[in-house]
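Participant: The following comprises the amino acid sequence and a computationally predicted model.
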Amino acid sequence: MTRWQKSGRREFEDVVAAALEGVPENFRELLQNIIVKVEDEPLPDDYELAGIPEDEEILGIYRGSMLTERSFDSLPELPAQIVIFKNPILRCTETRQEAIQEIRETVMHELGHYFGLEDEEMPF
C-alpha cells in the first residue's frame, strides 16, 4: 500500500475540493441546494440506488432529485448530495495522480446526474 493509499481524509477532501474548483464557472453558478462530501464507504442503500451489486466498487453517488425533475411548485426538500467514496477510490488506484484523475472524473460524473444526465449520456 502506498503512502497515498494511506492518506488521511483531509488530504482526500482537499483533492475533491480542487476538482470542484475545476468545474467551469458557468456550471458552478448553477449549483444550488447541493452538498458535496466524502464518505469512507457506500451504504447498502447506495448499491440499491445505483443498481450495482454489492461486490462491485462504487466510487461516488448522487443522492437527490435531478435539476431537470424540479419545478417551481415542488415542495422544499433536503439538499441533494454528491458523495465521493474515499476507500473504493483508493482501492482502485495505485498512485496519487491516478486517484486525483479518478476523483475528478467521479465528481464530473455525479454533477452530470445533478444536471439531469443519465449514465449512458456521460463520458465518465
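Facilitator: Cool, got the structure. Note that the structure is a prediction, hence the values are computed from the model and not measured.

Participant: Run the chain-centre distance for the helix or strand of the chain with the lowest mean pLDDT.
Facilitator: Lowest by mean pLDDT, DSSP states H and E among the helices and strands of the chain is helix 25-28, with a mean of 87. Relative to its chain's centre, helix 25-28 lies at 17 Å (C-alpha atoms, centre = their mean, to the nearest Å).

Participant: And stretch 29-39, by the same measure?
Facilitator: 9 Å.

Participant: As CSV, could you dump the C-alpha coordinates of that stretch?
Facilitator: What follows is stretch 29-39 as a C-alpha-only set of coordinates in CSV (Å, rounded to 0.1, in the frame of the first residue of the first chain):
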residue,chain,number,x,y,z
GLU,A,29,-23.0,29.2,-10.6
LEU,A,30,-25.9,26.8,-11.2
LEU,A,31,-25.1,24.6,-8.2
GLN,A,32,-27.8,25.3,-5.6
ASN,A,33,-29.1,23.3,-2.7
ILE,A,34,-26.4,20.7,-3.1
ILE,A,35,-23.7,19.3,-0.7
VAL,A,36,-20.5,17.6,-1.9
LYS,A,37,-19.0,15.4,0.7
VAL,A,38,-16.6,12.5,1.3
GLU,A,39,-17.6,9.2,2.9
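
Participant: what comes up buried for stretch 40-48?
Facilitator: For stretch 40-48, a neighbour-count test (16 or more other C-beta atoms under 10 Å) marks P42, D46, Y47 as buried. No exception for glycine: its C-beta is placed from N, CA and C like everyone else's.

Participant: what does it contact?
Facilitator: With C-beta atoms under 8 Å, 6 or more residues apart in numbering as the test, stretch 40-48 has contacts from P53, E54, I58, I61, R63, V83, F85, K86, N87, P88.
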